[in-house]
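**Student:** Pasting the sequence and the predicted coordinates here, then a few questions.
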Amino acid sequence: MPTNNSGDSYLEYTECLDVISSILSMYSVSHRIVIVGDCNGTLKPPRKYNKHDFLLQAFVHEMNLQSHRSEESTFFHHSGMSTSQIDYILHNATIAFLSDYKIHDQCHSNTSSHVPVSAKMNVKSKPTNKAIKSGYISKFKIQWKDIDSELYHNHISNELSQHNIESHSIEESINFLCNCLKKAATVAVQSKIIKLKGPQFKASPTTLMLLKISKEKYQLWKSNGKKNDHLKTDTILAQRNLRKQLRKEQYLYRTQFYNELMDNPSNDMFHKLIRRNRGSKNKDAICIMENGEHHYSATDQTNSFSRYFEDLAVPKDNGYDSEFLDLCNIRHNIFDELCKQSSNEPQFSFQNICDAIQQLYSGKATDELGLAAEHFKNSPTTVTHFLTNCFNNIFNNHHIPDIFKSCIVTPVLKKEKIQC
């Protein structure tokens with residue numbers, strides 16, 4: 001918090017309290033909030049010369065914040081002439097939320113004018129499997145130009161020879177084929193990493209230079225047998241300089257962020273601050289409001305999106321022609337009866353499936369099953385025969401498997417095109 005030394009300290013302190021007040025007002029209903037740090041004001045009897053004391057005590061009372069009462073000091077001036085209690089752990093919980101509150105004693109190794117203040121939070125939570133965020137997963141691209149065709153064909157042929165279409169449903173057969181193609185590609189086709197695991201780090205030119213020096217020093221020390229000599233000292237010094245530069249840049253980034261938060265407060269900055277405190281690179285939506293109801297959990301938010309898109313899919317305009325609808329239903333029923341009475345069932349030939357596969361576009365992204373056109377174009381003839389039997393069974397049984405009824409829809413609006 002701002003100190004009491006500057007001439008505008010009253011205004012600066014008030015603005016800082018306003019920022020914290022906005023956060024409390026927004027999240028106090030759904031979260032337990034803990035405020036920790038140097039408040040530059042005391043909750044003990046206020047000092048007449050320090051206007052921060054009155055502001056802090058009024059703020060704590062207004063926000064109904066709880067704190068541990070103690071007479072021990074947390075700040076000791078370097079001159080030894082004054083002490084005060086200005087470091088606190090505040091929270092908005094109405095129950096016994098903190099325990100083992102302790103103001104530590106002064107220590108010769110602590111060069112700060114403040115002493116540590118610690119407490120234990122009493123929180124019970126059920127263990128959950130934390131989902132891996134997409135930003136932290138390594139992504140690969142299959143290099144089809146480096147395919148081992150013989151290995152790819154043999155793997156698929158061996159797998160399909162063990163599967164009998166007649167004894168399985170169409171759904172099971174299609175799933176088996178998809179898994180077979182993906183396994184064969186993993187074995188016979190090389191992959192190229194296009195995104196490494198971990199958060200993206202933007203290094204400055206100075207950091208890149210120090211990183212290069214550190215690597216060169218380490219390789220030189222390693223090539224000489226990692227002896228305890230001047231090469232080891234040079235390596236340690238290079239690594240130390242690199243870490244020092246990284247800490248400096250991180251400090252400058254945090255300072256810039258907090259200055260921007262204080263100078264230009266906005267809802268986006270508040271949300272960014274909350275996300276930074278919740279976890280590294282956390283992009284999850286904090287809250288979704290649906291019909292005045294707030295959803296905080298991932299499950300409730302998913303259901304909310306599901307209801308939203310389901311509502312979009314249901315036609316709302318009742319201005320269609322009912323006579324035309326009846327005519328379409330009559331035509332559909334007539335066509336259905338003619339198909340049932342006909343003895344000539346349409347059949348797909350081997351060549352039909354080959355032509356369809358060759359018309360697939362290469363170099364495109366995979367579908368929701370993880371398959372691309374190259375999986376089929378590079379497959380042996382056994383896959384074509386397998387697909388021919390599957391599609392003929394669909395016609396014979398008059399049943400379309402559910403796996404063919406799902407897809408990924410990505411609407412793209414273009415200029416001078418009909419937008420619907």
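**Tutor:** Looks like it came in fine. Residues are numbered from 1 along each chain as shown.
**Student:** May I have stretch 89-104 exported as CSV, CA atoms only?
**Tutor:** Only the C-alpha atoms of stretch 89-104 are listed here, as CSV (Å, rounded to 0.1, in the frame of the first residue of the first chain):
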residue,chain,number,x,y,z
ILE,A,89,-3.8,-11.0,7.0
LEU,A,90,-7.4,-10.0,6.5
HIS,A,91,-10.3,-12.2,5.3
ASN,A,92,-14.0,-12.0,4.7
ALA,A,93,-15.0,-15.4,6.1
THR,A,94,-17.6,-15.4,8.9
ILE,A,95,-16.4,-18.7,10.3
ALA,A,96,-13.0,-19.7,11.8
PHE,A,97,-11.1,-19.5,8.6
LEU,A,98,-7.5,-18.8,9.8
SER,A,99,-5.6,-20.5,12.6
ASP,A,100,-2.1,-20.5,14.0
TYR,A,101,-1.8,-16.7,13.4
LYS,A,102,1.7,-15.7,14.3
ILE,A,103,3.9,-12.6,14.1
HIS,A,104,7.4,-13.8,13.9
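**Student:** quick one: buried residues of that stretch?
**Tutor:** 89-92, 97-98, 103 (16 or more other Cβ atoms under 10 Å). C-beta: built from backbone N, CA, C; applies to glycine.
**Student:** State the pair within those residues that is farthest apart.
**Tutor:** Pairwise distances across the buried residues of stretch 89-104 peak at 21.3 Å for 92 and 103 (criterion: Cβ to Cβ).
**Student:** measure residue 214 to residue 234 for me?
**Tutor:** 10 Å (Cβ to Cβ, to the nearest Å).
**Student:** what does residue 78 give?
**Tutor:** According to Cβ to Cβ, residue 78 and residue 234 sit 37 Å apart.
**Student:** check contacts around residue 404.
**Tutor:** residue 174 (Cβ atoms under 8 Å, 6 or more residues apart in numbering).
**Student:** Could you count how many residues lie near residue 258?
**Tutor:** 12 (other Cβ atoms under 10 Å).
**Student:** let me redo that: residue 171
**Tutor:** Residue 171, neighbours per other Cβ under 10 Å, totals 14.
**Student:** Report the buried residues of the helix ranked longest in the chain.
**Tutor:** Taking DSSP state H as the criterion, the chain has its longest helix at helix 230-263. Across helix 230-263, burial judged by 16+ other Cβ under 10 Å covers 231, 234-235, 238-239, 242, 245-246, 261.
**Student:** Just the CA trace of the helix or strand following that helix, in PDB.
**Tutor:** As assigned by DSSP states H and E, the chain's next helix or strand after helix 230-263 is helix 267-278. What follows is helix 267-278, C-alpha atoms only, in PDB (Å, rounded to 0.1, in the frame of the first residue of the first chain):
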ATOM      1  CA  ASN A 267     -12.900  -4.500 -15.200                       C
ATOM      2  CA  ASP A 268     -10.500  -6.300 -17.600                       C
ATOM      3  CA  MET A 269      -7.600  -5.400 -15.300                       C
ATOM      4  CA  PHE A 270      -9.400  -6.700 -12.200                       C
ATOM      5  CA  HIS A 271     -10.200 -10.000 -13.900                       C
ATOM      6  CA  LYS A 272      -6.600 -10.300 -15.100                       C
ATOM      7  CA  LEU A 273      -5.500  -9.700 -11.500                       C
ATOM      8  CA  ILE A 274      -7.800 -12.400 -10.200                       C
ATOM      9  CA  ARG A 275      -6.700 -14.900 -12.800                       C
ATOM     10  CA  ARG A 276      -3.100 -14.200 -12.000                       C
ATOM     11  CA  ASN A 277      -3.700 -14.900  -8.300                       C
ATOM     12  CA  ARG A 278      -5.800 -18.100  -9.100                       C
END
